[in-house]
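Participant: Fold the stuff below for me.
(2 chains)
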Number of protein chains: 2
Amino acid sequence: MYKLHSFCQSGNCYKVAVMLDVLGQPWEPVFIDFFHGQTRSAEYRETVNEQGEAPVLDDGGLRLTQSGVILTHLARKHGRFGGDGEAQQREVLRWLLYDNHKFTSYFATYRFMYSLADAAPNPVVMDFLRARFEAAFGIVDKHLQQSAFMVGDAPTIADFSMCGYLFYPVEETGYDVRAKHPAIGKWLASIEQLPGWRGPYECLPGERMEPRRRG
Amino acid sequence: MYKLHSFCQSGNCYKVAVMLDVLGQPWEPVFIDFFHGQTRSAEYRETVNEQGEAPVLDDGGLRLTQSGVILTHLARKHGRFGGDGEAQQREVLRWLLYDNHKFTSYFATYRFMYSLADAAPNPVVMDFLRARFEAAFGIVDKHLQQSAFMVGDAPTIADFSMCGYLFYPVEETGYDVRAKHPAIGKWLASIEQLPGWRGPYECLPGERMEPRRRG
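Facilitator: Residues are numbered from 1 along each chain as shown, chains lettered A, B, ... in the order given. As a prediction, the model looks like this:
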C-alpha cells in the first residue's frame, strides 16, 4: 500500500492525496511534523529529502519526492491522468511547470504568511505576492473559460497539481478564489465531483490549526 | 532550422539557447520585445503564448512554450541530456520542478527588480526574495558538493535549466553566486567548458542594457 508522508496544511501533499483518492488506490498517511521543524532538520534533509520538502511517497521500495514527479509516476504506473498522446503530455507538463513557478507558489506562500506562520507578515510582501498570484489566476481563469479541465475535456495530473491549495477554506487566505474567478470555481466544482474526491482536511494527517487571519 | 523567440535578458530563453548550442544544433534567434510589452500584449497571449512568457521554440510546424517543456522535447528528440533510465529521468524532472519553484524563480525576480525594472524595488521585497533564493542556493550547493552535475556525472537538461540565470554578470544582481557558493561555481565552470557553450549576451537577440544597480 502507498505510504504518503504528509501533513494536512500542505497543498503540495494534497495534490498527491487527491490523485490517489480519485485513482481509487488505498494509501496510508504518515504524519510529517512540519510545524515543529521536521522538514528543516538535518536528519530529514540527509535521509529523506535534500530539498527539505513534503510530500514523500513510498511505493514499495521506491521513495519519491516532489509532487510533480510523484504525480507523473502515478500517471504512468496506472495509465491514467497523464494526457493522451504526446501533444497532451506536453500540455500537462507545461501546466505542471507553470503551477510550480507561478500558480501554486505565490498563493501557497501568501496563505502560509496570512494564517499559518508564527511571525506576522509584512504587508509589502503580501501585496507583492498577491499581485503575482492574481495575474496567474487571471491567466488560468481565462484558459478554463475555453476548456473544462486544464488539458482537454478530462482531468489530468495538471488539474490535481493546480487545485492543491484551492480547496482550503477562504479564511486561511482572505481571498475568495471561486468568487473572483468564476471559471476556476466551476472547474473546482467539477474536481469535487470526481468519484473518491475528499478535501485536504478529510484525508491528510495532523491537527487542523485555527487560522490567524493576519493578512 | 529551430527558431528561438527570445531576448538576451531572459535566463529562461537562455536555458534553451545553451542546450541548442551544446547539442550543436543551428538555430535562428527571433527577437521578443519584452521591455516594450510584447509578452503582455493581447495579441501575444492570444496567438503565441497564453501564459505570457518567453521563450517560444518553433520546431518545424510545432510551436512550444515553457523552457522545461522545450528542454524535455529536445532531449527526447535528440536522445541526449534527458538522463539514463527511469530513475535518472525522475531526478531530472525533480530538479526541473525545483528550479521553477525555488531556484530560478526567486533569483530571476530579484535580478529583474535589482537592475532591469523601471520602478525602484522595495527593500522589504528584496530581502524576502533574497532569503528564499539563498536557501535554494544552499541546497543546490550542498548537492553539487557530492555530484559533478545535478543528476550524475554528465550534464542533463536539469543543469541547462538551473544555470539559466547564473551566467549573467554579478552587477545585475549584486550577488556573487560563485564566490558565495563554491560548488555552484565549480559546476558553472564545467558547463562553460562544454563544447559549443556561449554566454547569454553572446547568443540571444536584443540590446544589452546598462544595469541600474538599485537593490
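Participant: Which positions in chain A make contact with chain B?
Facilitator: A:45, A:50-52, A:64-66, A:68-69, A:72-73, A:90, A:93-94, A:96-98, A:100-102, A:105, A:122, A:124-125, A:128, A:139, A:142-143 (C-beta under 8 Å from any C-beta of the partner chain). Yep, even glycine has a C-beta here, placed from its N, CA and C like the rest.
Participant: part of a strand, is residue A:195?
Facilitator: No. Secondary structure of residue A:195 (DSSP: H, G, I helix; E, B strand; the rest coil): coil, not part of a strand.
Participant: Relative to residue A:13, how far out is it?
Facilitator: For residue A:195, the distance to residue A:13 (C-beta to C-beta, to the nearest Å) stands at 21 Å.
Participant: Of the two, which one has the most company?
Facilitator: Shown here are residue A:195 and residue A:13; by other C-beta atoms under 10 Å in any protein chain shown, residue A:13 has more neighbours (30 against 7).
Participant: hmm, back to that, any of the residues of chain A next to chain B buried? List them.
Facilitator: A residue is treated as buried here by neighbour count (16 or more other C-beta atoms under 10 Å in any protein chain shown); on that basis the buried members of these are A:45, A:50-52, A:64-66, A:68-69, A:72-73, A:90, A:93-94, A:96-98, A:100-102, A:105, A:125, A:128, A:139, A:143.
Participant: I'd like the list of those that fall within strands, please.
Facilitator: Assigned to strands by DSSP state E, the following of these qualify: A:64, A:65.
Participant: out of the buried ones among the residues of chain A next to chain B, which are inside helices?
Facilitator: The members of those that map onto helices under DSSP state H are A:45, A:68-69, A:72-73, A:90, A:93-94, A:96-98, A:105, A:125, A:128, A:139, A:143.
Participant: Surely residue A:183 is within a helix?
Facilitator: Yes. The assignment for residue A:183 by three-state DSSP puts it in a helix.
Participant: Distance-wise, check it relative to residue A:30.
Facilitator: With distances taken as C-beta to C-beta, residue A:183 is found 36 Å from residue A:30.
Participant: Residue ranges of each domain in chain A, please.
Facilitator: Per the record, chain A has its domains at A:2-80+A:199-203, A:85-192, by automatic domain parsing.
Participant: Over to the shortest one now: how far is its first residue from its last?
Facilitator: When you say that, I think you mean domain A:2-80+A:199-203. Between the opening and closing residues of domain A:2-80+A:199-203 there is a gap of 14 Å (C-alpha to C-alpha, to the nearest Å).
Participant: where in chain A is pLDDT low?
Facilitator: Low-confidence segments of chain A (pLDDT under 70): A:213-215.
Participant: where do the helices sit along it?
Facilitator: Listed in chain order (using DSSP H), the helices of chain A are A:11-23, A:42-47, A:67-78, A:85-98, A:104-111, A:123-144, A:157-162, A:177-180, A:182-192, A:200-203.
Participant: Deepest-packed of these, please.
Facilitator: Most buried of the helices of chain A, by mean neighbour count (mean count of other C-beta atoms under 10 Å in any protein chain shown): helix A:157-162, with a mean of 28.
Participant: For that helix, give me every contacting residue.
Facilitator: For helix A:157-162, the surrounding residues in contact (C-beta atoms under 8 Å, 6 or more residues apart in numbering or on different chains) are A:15-16, A:18-19, A:22, A:67-68, A:71-72, A:74-75, A:81-83, A:91-92, A:95-96, A:99-100, A:103-104, A:140, A:149-151, A:187, A:191.
Participant: ends of stretch A:107-115, how far apart?
Facilitator: By C-alpha to C-alpha, the extent of stretch A:107-115 from end to end equals 12 Å.
Participant: wait, what's in contact with residue A:133?
Facilitator: Residue A:133 makes contact with A:102, A:103, A:106, A:107, A:110 under the criterion C-beta under 8 Å, 6+ apart.
Participant: Adding distance to residue B:210, write those out as JSON lines.
Facilitator: Shown next, in JSON lines, are the contacts of residue A:133 (distance: C-beta to C-beta, whole Å):
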{"residue": "A:102", "distance to residue B:210": "28"}
{"residue": "A:103", "distance to residue B:210": "34"}
{"residue": "A:106", "distance to residue B:210": "30"}
{"residue": "A:107", "distance to residue B:210": "35"}
{"residue": "A:110", "distance to residue B:210": "34"}
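Participant: Of all residues in chain A, which one is nearest the centre?
Facilitator: A centroid search over chain A (C-alpha atoms, centre = their mean) returns residue A:164, at 2.5 Å, as the residue closest to the centre.
Participant: my read: that residue touches residue A:14, true?
Facilitator: Yes. In terms of C-beta atoms under 8 Å, residue A:164 counts as a neighbour of residue A:14; the distance is 5.1 Å.
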